[in-house]
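got a structure for you, letters missing:
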């Protein structure tokens, strides 16, 4: 037995690397967006997805007010912008996506903001919200789903280069580490010391 | 706008590639194991994880009877065995893990089977079970977590080579496709035509 105990606060990191999605929503004139890796499909019919969000997160509050949210996939080339989303708050920015240089368009079905640069997007309506320990678990019914030409039955990984989150590490200052399935590794320095 | 609609039955594939875990459980003398990518962390304190399982899956029934389950991470080198798990059923095998060539040890806390070849394992107690569309969503409280020397605060990706599931495609016959973060790609032919 060559295993050793893992600190409970680090258990979620065993699942790394993970494709982050950007969860978007708009309410009361504020556009929020947050990178989420605690995201999971839940059902085929109806098509349901779940996202666990920190309860005090401003984007979480915006989703509650909107009753709907977008889910967006950004490629590896957008690693820096996805990293920066964790550095700004929708509390201080009326359009958090614009603050990190991302363009938004409006979903046809839910009117929620979607990211124009995304390779794929979902429009979801919140159908359930559960308090689960430190987080809220939102269950969204997928009202619309779209993707660019790199996806048909599956992603074409010869053209689509997914972003994989591998952790936020301290090397003098905090850095987000991203990986790709092509052997790439990118360290994105975070601006603020939280 | 260069997006096109995604078939609702394929929405979950937008999250690919994903690290699969192998969920294990034993009850009434039967050991079940199934690869799961519909797995998500839910809370830091208590440490909770969620797994969405197809309701008719035999391993799902075994987990219910056991009231607990293991979560196991296998490296890229075990791609074939993880692929084969989908080809056998705990209905016909009393030890499904042994049937694909994996060794089991017993967890110290829950007595549930864990995979000896795994890089990391969790022992979980089922604390909630929700019916969510076509699936059951099990919430497990992590009672114990362990990993090999490749994990300390994070995985050391220079030594740990995680397995990434990229889909099951038809090229004359069904094949599971796996990827790594080192640019590797592996096609595992499935034995049975389901």
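It's in. As the structure is a computational prediction, the values presented were derived from the model and not from experiment.

which residues of chain A score low on pLDDT?
Low-confidence segments of chain A, defined by pLDDT under 70: A:1, A:171-173, A:192-194.

hmm, 50 instead?
Low-confidence segments of chain A, defined by pLDDT under 50: A:193-194.

Counting neighbours, which bits of stretch A:100-115 end up buried?
Neighbour-count burial for stretch A:100-115, with 16 or more other C-beta atoms under 10 Å in any protein chain shown as criterion, is recorded at A:100, A:102, A:104, A:107, A:110, A:112-115. All C-beta spots, glycine's among them, are computed from the backbone N, C-alpha and C.

got a list of contacts for that stretch?
A:22, A:24-26, A:31, A:33, A:66, A:68-70, A:72, A:74, A:78, A:81, A:84-85, A:88, A:95, A:97-98, A:116-117, A:121, A:123-125, A:143-144, B:1 (C-beta atoms under 8 Å, 6 or more residues apart in numbering or on different chains).

Please apply the same query to stretch A:184-194.
A:76, A:79-80, A:83-84, A:86-87, A:166, A:168, A:171, A:173-179, B:157.

Just the buried residues of that stretch, please?
A:186, A:188.

give me every residue that touches the nearest residue in space to residue A:29 that is not next to it in sequence.
Leaving aside its sequence neighbours, residue A:29 sits nearest to residue A:94 (C-beta to C-beta, 6 or more residues apart in numbering or on different chains; 6.4 Å). Residues near residue A:94 by C-beta under 8 Å, 6+ apart: A:29-31.

Pop out the phi and psi values for residue A:94.
phi -70, psi -30 (degrees, to the nearest 10).

Report the separation between it and residue A:31.
As defined by C-beta to C-beta, to the nearest Å, residue A:94 lies at a distance of 7 Å from residue A:31.

same question, residue A:19
22 Å.

now residue A:174
25 Å.

Same question for residue A:90.
7 Å.

now residue A:125
Shown here: residue A:125 relative to residue A:31, a distance of 18 Å by C-beta to C-beta.

And for residue A:190?
Noted for residue A:190: a distance of 21 Å to residue A:31, by C-beta to C-beta.

could you say what helices and strands the longest helix along chain A packs with?
Determined from DSSP state H, the single longest helix within chain A is helix A:58-66. If you count contacts as 3 or more C-beta pairs under 8 Å, 6 or more residues apart in numbering or on different chains; DSSP states H and E, helix A:58-66 packs onto strand A:21-27, strand A:30-36, strand A:48-54, strand A:120-132.

and among the ones you listed, the most buried is which?
strand A:21-27 (a mean of 26; mean count of other C-beta atoms under 10 Å in any protein chain shown).

Show me the beta-bridge partners of the residue nearest to residue A:80 when sequence neighbours are not counted.
Spatially, and ignoring its direct neighbours in sequence, residue A:80 is nearest to residue A:188 (5.2 Å; C-beta to C-beta, 6+ apart). Note on residue A:188: beta-bridge partners residue A:176, judged by DSSP bridges.

quick one: residue A:188 from chain B, how far?
Distance, residue A:188 to chain B, by C-beta to the nearest C-beta, to the nearest Å: 15 Å.

Kindly report the same for residue A:25.
The spacing between residue A:25 and chain B, counted by C-beta to the nearest C-beta, is 19 Å.

quick revisit: mark which of the contacts of stretch A:184-194 are buried, thanks.
Buried, going by 16+ other C-beta under 10 Å: A:76, A:79, A:83-84, A:86, A:166, A:168, A:174-179, B:157, out of the contacts of stretch A:184-194.

Just the ones of these in strands?
Using DSSP state E, the subset of the buried ones among the contacts of stretch A:184-194 located in strands is A:166, A:168, A:174-179.

Show me which pair in those is furthest apart.
For those, the farthest-apart pair by C-beta to C-beta is A:174 and A:179; their separation is 17.4 Å.

what's the closest of the contacts of residue A:94 to chain B?
residue A:31 (19.1 Å; C-beta to the nearest C-beta).

these two touch, right, the closest one and residue A:97?
Yes. Applying C-beta atoms under 8 Å, one finds residue A:31 in contact with residue A:97, separated by 5.8 Å.

intersection of neighbour lists for the two?
Common contacts of residue A:31 and residue A:97 (C-beta under 8 Å, 6+ apart): A:24, A:104, A:113.
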